[in-house]
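Peer 1: Generate a structure from the sequence data that follows.
(chains A and B, ligands or ions: 2)
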Amino acid sequence: MSQNHIMWEKLGMDVETHDLLCEALPQAFGDVYLSQENRPENMAYYNMVVGDIHGIRPAELIKHQEAGGKIIGTFCIHVPDEVVFAADAIPTGLCSGSQFWVPGGEKYLPTATCPLIKASLGARFDRTCPFFRICDLFVGETTCDGKKKAWEILNEDAEMYIMDIPQMKRPEDFKKWEDEIHGYIKRIEELTGNTITAEKLRDAIVLVNNKRKALKRLNALREHEAIPISGRDALLIHQIAFYDDPARFVEMTNKLCDELDQRVADGVSVFPEGTKRILLTGTPLSIPNWKVHQIIETNGGAVVCEEMCTGIRYCEALVDETGTDLDTMVENLAERYLGHINCACFTPNDARIDDIIELAKRYKVDGVIDLNLKFCNIYDTEGYFVEKAMREAGIPCIGIETDYTDEDAEQLKTRIGAFIEMLG
Amino acid sequence: MDQQTIYYVFLPDTSAVMALYEVLRGVGIACTIAPTPREADHCCGVCIIYENHTDKGKIHELAEAHNISIDAFWSQSDRNDPQRYKFC
Ligand code: SF4
Ligand code: SF4
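Peer 2: Ligands and ions are numbered 1, 2, ... in the order given. Below is the predicted model of the structure:
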């Protein structure tokens, strides 16, 4: 029995069923990643992390627990990781991007629930994801109705803490989010037995900002005419950022960016001339959801930017590092985590539309694809404004709705292929 | 990379994979890390892929020189298909 199998058994996982997921990964990874031409050498690190996705990082998290540390699972980029790091605990992103977990979630949730939520519950209840076994606490939020209700069901099986996110961005909402962050600090202190001091929180702010800076550097390299890295690779890196060790991630991502700098200097592109530059906007693409990127990039397009939570929204804005006392730091966290994430859960959400237009210009895109996970009502509805604004700005745009299954791949290929062809 | 065949090195665990990968890159052998193919039936989830089969002897020597134990060399025809559209 492999070391991983021993670990999974100890975690109480359904190892036999989980093996089926492990068996599907190498071929899917080979098709999407190893079939690419001229990938940057430094992608090897990310290949390894995803290749042993349920081995390397879970083992590190368990080691942290054995030394008395706690692990906190989160589902949304509004929840500040800094609070967790400041208490010497480790946060890990838990959004699930595989169809493998969806039927398990459907045992508890209505079919008309977004696959991201269904997969999250399925992964926990079916005991087929080590991250969902390891966490000492799960932190949910009240961003959308689907999640809000799902947390109550998850709470029957797991310890949950819920953050109540405002739905607007008025001054009183920022105040409210500050209070929520103070509450979160208290809960994490209770759980860990560690006090979150100003010094600790400041170090955590710098640590997480460094991760954002590395991702911003990576994304800026995709602005160039010669695109040094595929959208699929960039997506994979963003997905891994959610759960990898932050200091190591920063080191490896900067190393990759050094290689990409050289490619830019040499005018090296991973795409043939004439490839259409696509901006993808919409709902998050959690690991291992690579479907739409793969379809775009095998049909004449290159994804150069993701206006998504697994993209720009995760890393673009930094937290102000100048705060010296705890209250100011919390204020700065609230400013960043409420003010600079333009999720469709807010009303109004004009800033997202402005972002898309600005990014379309900055990344010199030929077209925008507005991607919506099936049954995500808020992004689907906001698609009205996205498409209207793109029409007015003269930017070609299509809306695509999909889920985690492979069944619509051919249909998506036809639609996306026709859209890219139309871009001339 | 050879269009027809992919060449693999299997090692006991991820730290051995990482260690050998660093050694190989250090001497300029074209290689990367990848998930171990299901057909290989090898217990470690990741392995090394190298581009030129002529590097096999050198990889063997380098591993020995650095005290890294190799479980097996392996190869199979390239089955990666970017248009398969089957995900996990
Ligand atoms: S889309 Fe909204 S709710 Fe979902 S992770 Fe992003 S910010 Fe959170
Ligand atoms: S994609 Fe939409 S429905 Fe799904 S969790 Fe995010 S906001 Fe909720």
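
Peer 1: rest of the way, CA atoms for contacts and neighbours
Peer 2: OK.

Peer 1: Okay, and whichever residue of the stretch 301-424 of chain A sits closest to chain B sits in which element?
Peer 2: Per C-alpha to the nearest C-alpha, A:Asp406 is where the stretch 301-424 of chain A lies closest to chain B, at 5.9 Å. Under DSSP states H and E, no helix or strand contains A:Asp406.

Peer 1: Report the contact partners of the residue nearest to A:Asp164 when sequence neighbours are not counted.
Peer 2: Leaving aside its sequence neighbours, A:Asp164 sits nearest to A:Thr142 (C-alpha to C-alpha, 6 or more residues apart in numbering or on different chains; 5.3 Å). By C-alpha atoms under 8 Å, 6 or more residues apart in numbering or on different chains, the residues touching A:Thr142 are A:148, A:162-165.

Peer 1: Return the members of those residues classed as buried.
Peer 2: Buried by 16 or more other C-alpha atoms under 10 Å in any protein chain shown: A:162-165, out of the contacts of A:Thr142.

Peer 1: Which ones among those map onto helices?
Peer 2: Taking DSSP state H, every one of the buried ones among the contacts of A:Thr142 sits outside helices.

Peer 1: picking that back up, quickly name whichever of the contacts of A:Thr142 is closest to A:Leu21.
Peer 2: A:Lys148 (27.8 Å; C-alpha to C-alpha).

Peer 1: Quickly find the element holding the closest one.
Peer 2: helix A:145-154.

Peer 1: ok, now A:Leu333?
Peer 2: helix A:326-339.

Peer 1: Same question for B:Thr32.
Peer 2: Counting by DSSP H and E, B:Thr32 is part of strand B:31-35.

Peer 1: what about that strand, near chain A?
Peer 2: Yes - with C-alpha under 8 Å from any C-alpha of the partner chain as the measure, strand B:31-35 is seen reaching chain A through B:32-35.

Peer 1: I figured A:Asp88 was touching A:Ile71, is that so?
Peer 2: No - between A:Asp88 and A:Ile71 there is no contact under C-alpha atoms under 8 Å: 9.5 Å.

Peer 1: Now the stretch 201-350 of chain A against ligand 2: closest residue?
Peer 2: A:Thr283 (4.9 Å; C-alpha to the nearest ligand atom).

Peer 1: Same question for chain A.
Peer 2: Counting by C-alpha to the nearest ligand atom, chain A gets nearest to ligand 2 through A:Cys376 (3.7 Å).

Peer 1: Same check on chain B?
Peer 2: Closest point on chain B to ligand 2, by C-alpha to the nearest ligand atom, is B:Cys88, at 18.7 Å.

Peer 1: list the contacts for that residue?
Peer 2: A:21, A:24-25, A:28, A:98-100, A:288-289.

Peer 1: would you list these in TSV and tack on distance to A:Val208 and neighbour count?
Peer 2: As requested, those are arranged in TSV below (distance: C-alpha to C-alpha, whole Å; neighbours: other C-alpha atoms under 10 Å in any protein chain shown):
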residue	distance to A:Val208	neighbour count
A:Leu21	31	18
A:Ala24	33	16
A:Leu25	29	22
A:Ala28	31	22
A:Ser98	27	25
A:Gln99	30	22
A:Phe100	31	22
A:Pro288	23	21
A:Asn289	24	22
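
Peer 1: would TSV of those residues with secondary structure and distance to A:Phe125 be doable?
Peer 2: TSV is the format used below for the contacts of B:Cys88 (DSSP: H, G, I helix; E, B strand; the rest coil; distance: C-alpha to C-alpha, whole Å):
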residue	secondary structure	distance to A:Phe125
A:Leu21	helix	16
A:Ala24	helix	21
A:Leu25	helix	21
A:Ala28	helix	25
A:Ser98	coil	15
A:Gln99	helix	15
A:Phe100	helix	13
A:Pro288	coil	19
A:Asn289	coil	21
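
Peer 1: is stretch A:114-132 anywhere near ligand 1?
Peer 2: No - contact between stretch A:114-132 and ligand 1 is absent, the nearest approach being 9.0 Å (criterion: C-alpha under 6 Å from any ligand atom).

Peer 1: Please see if that stretch touches ligand 2.
Peer 2: Yes - shown here: stretch A:114-132 in contact with ligand 2 (C-alpha under 6 Å from any ligand atom) through A:114, A:116-117.

Peer 1: Show me the residue sitting in the middle of the chain in space.
Peer 2: By default, I'm working from chain A. A:Thr310 (3.3 Å; C-alpha atoms, centre = their mean).

Peer 1: Chain B is the one I meant
Peer 2: Judging by C-alpha atoms, centre = their mean, chain B has its centre closest to B:Ile48, at 2.2 Å.

Peer 1: Within its sheet, name the partner strands of the particular helix or strand that has it in it and how each one runs.
Peer 2: When elements are assigned from DSSP H and E, B:Ile48 belongs to strand B:46-50. Note on strand B:46-50: by DSSP bridges, its sheet partners are strand B:5-10 (antiparallel), strand B:31-35 (antiparallel).

Peer 1: Which strand or helix spans A:Glu306?
Peer 2: Counting by DSSP H and E, A:Glu306 is found in strand A:301-307.

Peer 1: Tabulate the buried ones among the contacts of A:Thr142 (a markdown table), appending pLDDT.
Peer 2: Converted to a markdown table, those look like this (pLDDT from 0 to 100):
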| residue | pLDDT |
| --- | --- |
| A:Ile162 | 98 |
| A:Met163 | 98 |
| A:Asp164 | 98 |
| A:Ile165 | 98 |
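
Peer 1: for the chain, which helix is longest?
Peer 2: The chain I'm using is chain A. Counting by DSSP H, the longest helix found in chain A is helix A:198-221.

Peer 1: Let me rephrase: I mean chain B.
Peer 2: Per DSSP H, chain B has its longest helix at helix B:14-26.

Peer 1: In it, which of the residues would be classed as buried?
Peer 2: B:14, B:16-18, B:20-21, B:24.

Peer 1: Once you drop chain neighbours, what's closest to A:Asp245?
Peer 2: A:Arg57 (8.0 Å).

Peer 1: So what does that neighbour have for phi and psi?
Peer 2: Geometry field for A:Arg57 lists phi and psi as phi -70, psi -40, criterion degrees, to the nearest 10.

Peer 1: measure it to chain B for me?
Peer 2: Separation of A:Arg57 from chain B (C-alpha to the nearest C-alpha, to the nearest Å) stands at 11 Å.

Peer 1: Over to A:Gly104?
Peer 2: From A:Gly104 to chain B the distance is 15 Å (C-alpha to the nearest C-alpha).

Peer 1: How about that residue: what's its closest non-neighbour residue?
Peer 2: A:Gly122 (4.0 Å).

Peer 1: Mind telling me which residue of chain A is nearest ligand 1?
Peer 2: As assessed by C-alpha to the nearest ligand atom, ligand 1 sits closest to A:Cys76 within chain A, at 3.8 Å.

Peer 1: That residue contacts A:Cys144, doesn't it?
Peer 2: No - A:Cys76 is beyond contact range of A:Cys144, at 10.7 Å (criterion: C-alpha under 8 Å).

Peer 1: between those two, what contacts are shared?
Peer 2: Common neighbours of A:Cys76 and A:Cys144 (C-alpha under 8 Å, 6+ apart) do not exist.

Peer 1: so which strand or helix has B:Gly57?
Peer 2: helix B:56-65.

Peer 1: moving C-terminal of that helix, what's the next helix or strand?
Peer 2: strand B:72-77.

Peer 1: what angle separates that following strand from strand B:5-10?
Peer 2: 160 degrees (axes from the mean of the first three to the mean of the last three C-alpha atoms, to 10 degrees).

Peer 1: so where do the helices sit in the stretch 51-200 of chain A?
Peer 2: Assigned by DSSP state H, counting those that start in this stretch, the helices in the stretch 51-200 of chain A fall at A:56-66, A:81-86, A:102-106, A:115-125, A:130-134, A:145-154, A:171-192, A:198-221.
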